[in-house]
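S.K.: A structural model of the following input is requested.
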Amino acid sequence: MRDRASTSVARAVRRTALSVDVVLLTPHGRRLTMLLRRSSTADTRERWELPWDALRDGETLPAASTRVARAALGTSPALLEQIAAFGEGRRHPGGATVAVAFLGLVPAGVGTVVGGTASWFPIDELPALPPAQRVMVDAALTALRARIDQSPIAFRLLSPTFTLSQLQEVYELLLGRRLHKASFRRALHAAWLVEPTDEWRSEGRGRPAQLYRYAPRKRRARRRGVRFEGLAG
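M.R.: You can find the predicted model right below:
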C-alpha cells in the first residue's frame with residue numbers, strides 16, 4: 001500500500017511545477033546522519049532521494065514541509081526552516097521544474113527508527129542522489145554551518161537535558177572538526193546559553209556528569225551561539 005502511495009505521489013509531481021523537499025538531520029552516535037527514502041520511480045539511476053511531495057492546493061510551503069517531514073519521520077522535527085528554491089533544470093525525482101528545500105533538525109533518539117522505504121545515512125557516506133537534490137543537500141549543510149556560531153541551533157539536536165560532553169559532540173558533528181574541551185566550555189558559559197540541573201548521568205568510567213539545559217539569560221536582548229575562534233582541538 002505504501003509503495004502505491006509513493007508512486008502516485010511521484011506521478012502527481014510530474015504534473016506540477018513545484019515540489020517541497022526536506023533535508024532531515026539527526027546525530028547517530030558520533031556521526032551526523034540524513035534521512036533518505038527509496039526512489040519510487042523505476043526510470044532513475046538513483047535508488048535514494050530526499051523526502052518530497054507536491055504542494056497541494058491552498059497549502060502553504062511551511063505546512064507542506066511539515067507534512068512531508070512528519071510522513072517520513074512519524075513526528076515533527078525540532079526545527080524546520082526554508083533554505084532556498086531551486087530551478088536550475090537539474091533532474092528532480094518527480095520531474096518538478098522548481099523545488100523548495102527545507103532543513104529539518106531531529107533530536108538524537110527521536111525518529112531514529114524508521115520503517116518502510118526510509119533509512120538514515122551518514123552525511124559523509126550518502127548514496128547517489130538525483131542531481132537537483134544533491135544541490136539541496138549541499139546548500140542545507142552550508143546554511144547550517146554558517147549559522148552555528150550566530151544561533152544556538154545545536155540545541156535542536158539534543159534532548160531537553162544533556163551533558164556538556166554531548167553538547168560538544170553535537171557542535172563537532174555540525175562543524176566537522178574537533179574542539180578543545182576547556183576552551184569550548186569557557187566559550188559556552190560566556191554565551192550564557194546553559195544552566196545546570198540537579199540531575200547527573202553516568203558516561204562510563206569516572207564520575208557521573210552533571211546534566212544541563214538550554215536556558216539563555218532573560219536579560220540578554222539577543223540570543224547567540226558559541227564563538228568558535230581558537231577552539232580547534
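S.K.: make it CA atoms for all contacts and neighbour counts henceforth
M.R.: Fine.
S.K.: can I see the domain layout of this structure?
M.R.: 2-147, 155-214 (automatic domain parsing).
S.K.: Using a markdown table, lay out these together with mean pLDDT and mean neighbour count.
M.R.: Formatted as a markdown table, those follow (pLDDT from 0 to 100; neighbours: other C-alpha atoms under 10 Å):
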| stretch | mean pLDDT | mean neighbour count |
| --- | --- | --- |
| domain 2-147 | 85 | 18 |
| domain 155-214 | 89 | 16 |
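S.K.: Which elements pack onto the lengthiest helix in the chain?
M.R.: Counting by DSSP state H, the longest helix found in the chain is helix 131-147. Helices and strands touching helix 131-147, by 3 or more C-alpha pairs under 8 Å, 6 or more residues apart in numbering; DSSP states H and E, are strand 18-28, strand 79-86, strand 98-105, helix 164-175.
S.K.: Can you show me the helices along the protein?
M.R.: 2-14, 61-73, 131-147, 164-175, 181-190.
S.K.: Which one of those lies nearest to Ser119?
M.R.: Nearest of the helices of the chain to Ser119, taken as C-alpha to C-alpha: helix 61-73 at 9.6 Å.
S.K.: From the chain's centre, how far out is the closest one? Work that out for me.
M.R.: Put simply, helix 61-73 sits 13 Å off its chain's centre (C-alpha atoms, centre = their mean, to the nearest Å).
S.K.: could you check the angle strand 79-86 makes with that helix?
M.R.: Orientation check (axes from the mean of the first three to the mean of the last three C-alpha atoms, to 10 degrees): helix 61-73 against strand 79-86 gives 110 degrees.
S.K.: Helix 61-73 to strand 98-105, inter-axis angle?
M.R.: Relative orientation of helix 61-73 and strand 98-105, computed by the same axes, to 10 degrees: 60 degrees.
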